[in-house]
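> here is my input; please provide its structure:
(chains A, B and C)
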Amino acid sequence: MNHWAFIAAAYGLTALGTVGVLIWSYLDMRRAEKAVADLEKRK
Amino acid sequence: MHAYANPARFLKIARPLTPVFLGLGLLLVLFGSYAGLVLTPPDYLQGDSVRIMYVHVPAAWLGMGGWSGIAIASIVQLVWRHPLAGVSARAIAAPGALFTAICLITGSIWGRPTWGTWWEWDGRMTSMLILLFLYFGYMALANASDERTSVSRATAIFGIVGAVNIPIINRSVVWWNSLHQGPSITLRGSTISSEILWPLLPMVIGFSLLFGGIVLMRMRANLAEAKVEARMRRMAAS
Amino acid sequence: MKAKNQRLILALLGLVAVIGAGLLAVSGLKQEAAFFYAPGDVAANGLPLGKAVRLGGMVADKSIRHDADGVTIHFVVEDGKAQIPVTFKGIAPDLFKEKSGVVAEGEFQADGSFVASNLLAKHDERYMPPELKGKMHMTDSLKS
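Predicted coordinates for the structure are as follows:
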């Protein structure tokens, strides 16, 4: 049995999950902190 | 302890720390992956499939470490009423669940070529699956309230009670006859030959840094959103 | 300050109680949660006849025999306490080797042998490159 297909699947999945949660958390943070900055400017 | 209770003071540290964690973590993980895929030799018995270990083990460590963090934050919240405890516990839940799922899936992918099965109801696998469900339960409880910067007392208690599962996962391969092999790395040393073992170190540290960066970003998002909501409420009242 | 200490003691007591209860429940499960029977368990407690079970242990050295039909294999599973002869018809996993771990799913026979319907390979916690294998096998200190 060729193991490399299994290895690629495991690494690909890990990369996908990690990058996914990184981007999601980053966008969430940027949107929220931008809202704070906008509020502070308006004041 | 309360020196960092002030979210403003926390943010002053968290802002510069976030890119450091993410950058260093990414570098270490990329290097560790290259080392684990290219530089290390295959295992005498498992062949190349042993390379799945380099993503499987950090994921397991973060899945279990994440819940330990939730449990500690829950105790801090219940005992000291520290204002950042709830924020951090809430921020850990989603990435903790993600890495638990990655651990289960990479383990399944590893099990097929080595053991000859995708899944068996053995003690280690079952207790790890329970951890994933505990995370789901925790997230549902935490999201049940609109409060962004804390979790309810019931949620904190759930975080502490769920920690019982962590030593069970850890000891499952020792207590019960299991398909999963016993612990390779113990206080007495490692049964993994050093040529195969070493990329695990940058991988575990790198993924931990990424995890820390993710938690910091999620804490910052929640603190900022709470700030906006509080301001809105005040403006509506006046 | 007083209330804080009270909460700390309460939290610690709760934690100890919860962990104690968990460990108690788990130790009660000890037999039921075992994934497989080892040959020694069977020798000590008798044959679990008439139900599908798993038998796990090491494949004894030089015990694998292939039948003429090409799909039936015979081998012996041992755990240092007892030995059990096993018959299996089918395709064994890649890692199924002598002096290596195996978990067989199937049924015990009245004569003490085991007929397997499925084989799983179980590897141990040792990982090493191929060229080290010979050396490591001589140092039995790592074997439990």
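> ok, whatever helix or strand A:E40 lives in near chain B or not?
With secondary structure defined by DSSP states H and E, A:E40 is part of helix A:4-42. Yes: for helix A:4-42, a contact with chain B is found by C-beta under 8 Å from any C-beta of the partner chain, at A:4, A:6-7, A:9-11, A:13-14, A:17-18, A:21-22, A:25-26, A:28-29, A:31-33, A:35-36, A:39. The way it works is simple: take the backbone N, C-alpha and C, and place the C-beta from them, glycine included.
> now swap in stretch C:73-93 and tell me
Yes: remark: stretch C:73-93 sits within contact range of chain B at C:92-93, by C-beta under 8 Å from any C-beta.
> so for that stretch, mean pLDDT?
Within the predicted structure, the mean pLDDT of stretch C:73-93 is 88.
> now swap in stretch B:149-166 and tell me
Taken as a whole, stretch B:149-166 has a mean pLDDT of 88.
> just stretch B:175-186 next, same as before
Averaging the model's pLDDT scores along stretch B:175-186 yields 83.
> buried residues, that stretch. List them.
B:175-181, B:184 (16 or more other C-beta atoms under 10 Å in any protein chain shown).
> render the CA-only coordinates of it in CSV, please.
These are the backbone C-alpha positions of stretch B:175-186, laid out as CSV (Å, rounded to 0.1, in the frame of the first residue of the first chain):
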residue,chain,number,x,y,z
TRP,B,175,-5.3,1.0,32.0
TRP,B,176,-7.0,-1.0,29.2
ASN,B,177,-5.8,-3.4,26.5
SER,B,178,-6.0,-1.1,23.6
LEU,B,179,-5.3,-1.1,19.9
HIS,B,180,-3.5,2.3,20.3
GLN,B,181,0.1,1.8,21.3
GLY,B,182,1.4,2.8,24.8
PRO,B,183,3.0,6.1,25.6
SER,B,184,6.3,6.7,23.7
ILE,B,185,7.4,9.8,25.5
THR,B,186,7.4,9.5,29.3
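> which residues are in contact with that stretch?
If you take C-beta atoms under 8 Å, 6 or more residues apart in numbering or on different chains as the criterion, stretch B:175-186 is touched by B:115, B:117, B:120, B:122-125, B:172-174, B:190-192, B:197, C:26-27, C:30, C:33-38, C:56, C:103, C:120, C:122-127, C:144.
> hang on, the earlier thing: in a markdown table, list the buried residues of stretch B:175-186 along with secondary structure.
Conversion of the buried residues of stretch B:175-186 to a markdown table gives the following (DSSP: H, G, I helix; E, B strand; the rest coil):
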| residue | secondary structure |
| --- | --- |
| B:W175 | helix |
| B:W176 | coil |
| B:N177 | coil |
| B:S178 | coil |
| B:L179 | coil |
| B:H180 | coil |
| B:Q181 | coil |
| B:S184 | coil |
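> could you dump the residues you listed into TSV with distance to B:I105 added?
Compiled in TSV, these are given as follows (distance: C-beta to C-beta, whole Å):
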residue	distance to B:I105
B:W175	25
B:W176	23
B:N177	24
B:S178	19
B:L179	17
B:H180	15
B:Q181	19
B:S184	21
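> hmm, who's touching stretch B:189-201?
Applying C-beta under 8 Å, 6+ apart, the set of residues contacting stretch B:189-201 is B:32, B:35-36, B:39-41, B:43, B:50, B:53-54, B:57-58, B:184-185, C:124-129, C:132, C:136, C:142.
> tally of neighbours for B:L30?
12 (other C-beta atoms under 10 Å in any protein chain shown).
> look up phi and psi at it.
When read as degrees, to the nearest 10, the backbone of B:L30 gives phi -60, psi -40.
> again, but for C:S113
phi -90, psi 180.
> tally of neighbours for B:P167?
Applying the criterion other C-beta under 10 Å, we find 15 residues in the vicinity of B:P167.
> check which element follows the helix or strand where it lies along the chain.
When secondary structure is defined using DSSP H and E, the element that contains B:P167 is helix B:165-175. The helix or strand immediately downstream of helix B:165-175 is strand B:185-186, counting by DSSP H and E.
> following that following strand, which helix or strand comes up?
strand B:189-190.
> for that following strand, which strands pair with it and how are they oriented?
Strand B:189-190 has these partner strands in its sheet, going by DSSP bridges: strand B:185-186 (antiparallel).
> helix, strand or coil for the residue of chain B at minimum distance from chain A?
Among all residues of chain B, B:A224 sits closest to chain A, at 3.7 Å; criterion: C-beta to the nearest C-beta. Per three-state DSSP, the local secondary structure of B:A224 is helix.
> residues touching it, list them.
Counted by C-beta under 8 Å, 6+ apart, B:A224 has contacts A:29, A:32-33, A:35-36.
> all helices for chain C, in order.
Counting by DSSP state H, the segments of chain C that form helices are C:2-28, C:39-45, C:133-138.
> quick one: closest of those to C:V71.
In this view, the helices of chain C are compared for proximity to C:V71 by C-beta to C-beta, and helix C:39-45 is the closest at 24.5 Å.
> list the buried residues for that closest one?
Buried positions in helix C:39-45, judged by neighbour count with 16+ other C-beta under 10 Å: C:39-42.
> got it, and stretch C:93-107?
Buried, per 16+ other C-beta under 10 Å, within stretch C:93-107: C:93-96, C:101-107.
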